[in-house]
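Asks: Give me the fold of what follows.
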Amino acid sequence: MEPNLNEFRRFAEELAREAAALVREYAGDFAVEIKDDGSPVTNVDTAVERMLRERIDSTYPTHGVTGEEYGARDLDAEFVWVVDPIDGTRQFSTGLANYGTLIALCRQAKPVVGIISQPVIGDIYAGVSGEGAWLNGRPITSRMTTLPGKAIACLADIDSFDERTRPGFEAVRLASDWNVYDGGCLGFAALAAGRIDICLYAANVECYDVCALVPVIEGAGGVITDWRGNPHDLHSTGETVASCSPQLHEKVLALLA
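Replies: The predicted structure is shown next:
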């Protein structure tokens, strides 16, 4: 019997609400450390990921799990949960609100359920492969923009683009009607909700940064791949780009090439 993906979605939404409550509990009272790779981590990141993993392990003990702070377990399982407790720790640690919690479920390495949660506002974007996408339970769809010149683009921090990726960044920036910068996972959520047309990110993208985005973007009618057009999965690293429509995505990929 095929598993009920909406059952997993409901569980993931429950996890997102519990994570949001924990983030708000720590608000204004957390410590920041710098990891070996130079990125910040807070005790909120670690506390939220511990809670998520404990809940997953107790509810679905045969499922694998991986996350940013505590590594991977059973990645060869049919179902693997992928969590990022605070996607946007730099922003969170400086008191900015453009961060979120990401929760994904992969089946045979392909993302099939995704959650983008903004803990302070309380918004939960959910996506299920083949079913659709929702914001707080209300169906959402991406726009049908097809021309880069009429598009709104959300671009990552310019410092994240290097000599190899800067030309693609500039091509998309100049082709778009207007741009916003460094929206993080909430930029991808806004694309799914029909507010943004292109999201472009470059360095340091890992599976826990992108797996939750895939079902939300695709469920809303958009497209998300790496810069060469390859789909993202449990083993993804590198650059990512999302577009609100398949037609626009083809043109954005041509700009990046």
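Asks: Quick check: bridge partners of the spatially closest residue to K35 that is not a sequence neighbour?
Replies: Distance criterion CB to CB, 6 or more residues apart in numbering; nearest residue to K35, sequence neighbours excluded, is V41 at 5.4 Å. (Glycine included, C-beta is placed from N, CA and C.) Note on V41: beta-bridge partners by DSSP bridges are E33.
Asks: so how far is V252 from V41?
Replies: 32 Å (CB to CB, to the nearest Å).
Asks: Tell me which of the two has more neighbours.
Replies: More crowded of V41 and V252, by other CB atoms under 10 Å: V252, with 29 against 19.
Asks: Measure how buried the closest residue to the more buried one other than its chain neighbours is and give me the count.
Replies: In space, and not counting its chain neighbours, V252 is closest to S243: 5.2 Å by CB to CB, 6+ apart. Residues near S243, counting by other CB under 10 Å, number 30.
Asks: Let's see whichever helix in the chain runs longest as CSV, backbone CA atoms only.
Replies: When the chain is parsed with DSSP state H, its longest helix is helix 5-26. C-alpha atoms of helix 5-26 as CSV (Å, rounded to 0.1, in the frame of the first residue of the first chain):
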residue,chain,number,x,y,z
LEU,A,5,2.0,11.7,2.1
ASN,A,6,-0.5,14.0,3.6
GLU,A,7,-0.2,12.1,6.9
PHE,A,8,3.5,13.0,6.8
ARG,A,9,2.6,16.6,5.9
ARG,A,10,0.4,16.9,8.9
PHE,A,11,3.2,15.5,11.1
ALA,A,12,5.7,17.9,9.6
GLU,A,13,3.4,20.9,10.2
GLU,A,14,3.0,19.8,13.8
LEU,A,15,6.8,19.7,14.1
ALA,A,16,7.0,23.2,12.6
ARG,A,17,4.6,24.6,15.2
GLU,A,18,6.6,22.9,18.0
ALA,A,19,9.8,24.3,16.6
ALA,A,20,8.3,27.8,16.3
ALA,A,21,7.3,27.7,19.9
LEU,A,22,10.8,26.7,21.0
VAL,A,23,12.4,29.5,18.9
ARG,A,24,10.1,32.0,20.4
GLU,A,25,10.9,30.7,23.9
TYR,A,26,14.6,31.4,23.3
